[in-house]
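Trainee: Build me a model:
(chains A, B, C and D)
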Number of protein chains: 2
Amino acid sequence: MTINQNTFTGEFSYSLDIKGRVNIPAKFRNVLSSDNEQSFVITRGMDPCVWVYPVMVWQSIESELRKLSSLSRINRSFVRSTVRYASSVQYDKQGRIAITPNLIEYAQLGKEALIIGMVNKIEIWNPKSLDSVDQESHKIDSSEFDELANQIIL
Amino acid sequence: MTINQNTFTGEFSYSLDIKGRVNIPAKFRNVLSSDNEQSFVITRGMDPCVWVYPVMVWQSIESELRKLSSLSRINRSFVRSTVRYASSVQYDKQGRIAITPNLIEYAQLGKEALIIGMVNKIEIWNPKSLDSVDQESHKIDSSEFDELANQIIL
DNA sequence: ATAGATTATGGGTAGTTGTGGGTAATTTTA
DNA sequence: TAAAATTACCCACAACTACCCATAATCTAT
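Mentor: Numbers count the residues shown, from 1 in each chain, chains lettered A, B, ... in the order given. Now for the predicted structure:
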C-alpha cells in the first residue's frame, strides 16, 4: 500500500534524452493508475523548474480561473500568466513525457533531470539550479523557514 | 484524454502570412473536433489583441445579450460594442483562419503572431504588445495580482 | 541464485502539422 | 461591362511528433 492515493514523495534522477523526454518514476505512475490517468499538465514552476500536475489537480485550478470575469484587466492578466505556459501531455508506452522546448529552456534542463515529488504535484529540476535556489532561500528566509517548521510537528 | 473538453492552454508562435492567415494550433483544433466544429467567432479583445471564440461559447454570450432590454441606453451601447467587431470564420484544410484587416490593425499584428490559450477562448497577440501590456499591469496592479494568486492554490 | 517481470533509455518510421504558394471563383471598382 | 482586387479552395513540401520496437539494467519472487 502506498502512503496516500494521490501523493508524490521522493527524489529520482533520470535522463532527459535528445528528444526532450523524461521518465515519470514508476512509483508516481502507480499513484495515478487507479484513476486510469495517463495525462499530466506541465507548466512553469514558480522556481526555475517544471511543474507537473495530475489532470485532476489542474482541473480544479482551471475551474477557479473560469470564475474570473474577463472584464477586469487584472483577471485577464492573471489567467494569461497562469495558463500561458501550461500544456497537456500524456506519457508513452514507456512512461515518459515530452517536455516542450520553452520549458526546457526556462528550467535550464540538461542531460540530468531531478524529479521531486511535491505532495500534489511533481517538480523537474536541473540539479544545479536546485542547489543554488535552496541555498539562496535558506540564507534569506531562514527565520520564516523555522517558523513554518515549528507549526508543523515533524 | 485531454485536459477538459473545451479548454485552451499554452502558447504558440505562428506566422501570419501575406494573406492574413494564421494557424490554429493542432491541439486547439483537437479540443473542438469532438463538437465537429470548424467555425470560430473572432472579435476585438479587451486588450490590444484578437479574441477567438469557439461557436458554442460565443452562442452563450449571445444568449446573455438577448436578455438585455433595448429600452436601456447602456444596454444598447453594450450590445453594440460587444457585437460590432465580431465575425464568424472557419478554418481551411490546413487549419488556418483568416484574420480580417481591421482586426489585424487593431491588434497591430505583424509577421509573428503569438497564440495563447485562455481557457475558454484564444488570444492572438503581437509579441511586443503583450510584453508591454503585461509589464504595465504588473506595475499597476501587482498587489491585486498577488491577492488572486493567494486565493488559488497552485 | 536464477528466471521472469518490470523499468529505464535509445532510436526508427509513418503520419501529422506548419508554411508557402497557385488557381479559380467571387466581389469590388472604374 | 471589363479590369482589378479579394477571397476561397487546393496542392506541395519540410519539419516535427507520436507511436512503435529493441535492448540493457533493475527488481521480484520462488
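Trainee: okay, A:Asp134: pLDDT?
Mentor: A:Asp134 carries a pLDDT value of 87.
Trainee: Would you verify that it is located in a helix?
Mentor: Yes - when DSSP: H, G, I helix; E, B strand; the rest coil is applied, A:Asp134 is found to be in a helix.
Trainee: Residues of chain A that sit close to chain B?
Mentor: A:37-39, A:41, A:46, A:51, A:55, A:58-59, A:61-62, A:64-66, A:68, A:70-71, A:73-88, A:102 (CB under 8 Å from any CB of the partner chain). In short, each C-beta sits where N, CA and C put it, glycine included.
Trainee: Show me these that map onto strands.
Mentor: Among the residues of chain A next to chain B, DSSP state E puts A:Ser39, A:Val41, A:Trp51, A:Ser87, A:Ser88 in strands.
Trainee: if you look at the lowest-mean-pLDDT helix or strand in chain A, does any of it touch DNA strand C?
Mentor: None of the helices or strands of chain A scores lower by mean pLDDT, DSSP states H and E than helix A:26-33, at a mean of 82. Yes - against DNA strand C, helix A:26-33 shows contacts by CB under 7 Å from any atom of the strand at A:Ala26, A:Asn30.
Trainee: For that helix, list every residue counted as buried.
Mentor: Buried residues in helix A:26-33, counted by 16 or more other CB atoms under 10 Å in any protein chain shown: A:Phe28, A:Val31, A:Leu32.
Trainee: Between those residues, which sits nearest chain B?
Mentor: When the buried residues of helix A:26-33 are ranked by distance to chain B (CB to the nearest CB), A:Leu32 comes first, at 12.2 Å.
Trainee: Return the residues in contact with that closest one.
Mentor: A:Asn6, A:Pro54 (CB atoms under 8 Å, 6 or more residues apart in numbering or on different chains).
Trainee: Can you give me the distance of it to DNA strand C?
Mentor: 13 Å (CB to the nearest atom of the strand, to the nearest Å).
Trainee: Tell me how far that residue lies from DNA strand D.
Mentor: For A:Leu32, the distance to DNA strand D - CB to the nearest atom of the strand - is 17 Å.
Trainee: Same question for A:Val79.
Mentor: 24 Å.
Trainee: now A:Leu114
Mentor: Separation of A:Leu114 from DNA strand D (CB to the nearest atom of the strand) stands at 17 Å.
Trainee: Confirm that residue sits in a helix?
Mentor: No - if the criterion is three-state DSSP, then A:Leu114 is strand and not within a helix.
Trainee: so what's it bridging to?
Mentor: A:Ser13, A:Trp125 (DSSP bridges).
Trainee: Just list the residues touching it, thanks.
Mentor: So A:Leu114 contacts A:Glu11, A:Phe12, A:Ser13, A:Ile124, A:Trp125, A:Asn126, A:Pro127, A:Leu130 (CB under 8 Å, 6+ apart).
Trainee: interface residues of chain A facing DNA strand D?
Mentor: Counting by CB under 7 Å from any atom of the strand, chain A sits next to DNA strand D at A:Lys19, A:Gln90, A:Asp92, A:Lys93, A:Gln94, A:Ala98.
Trainee: All set, thanks.
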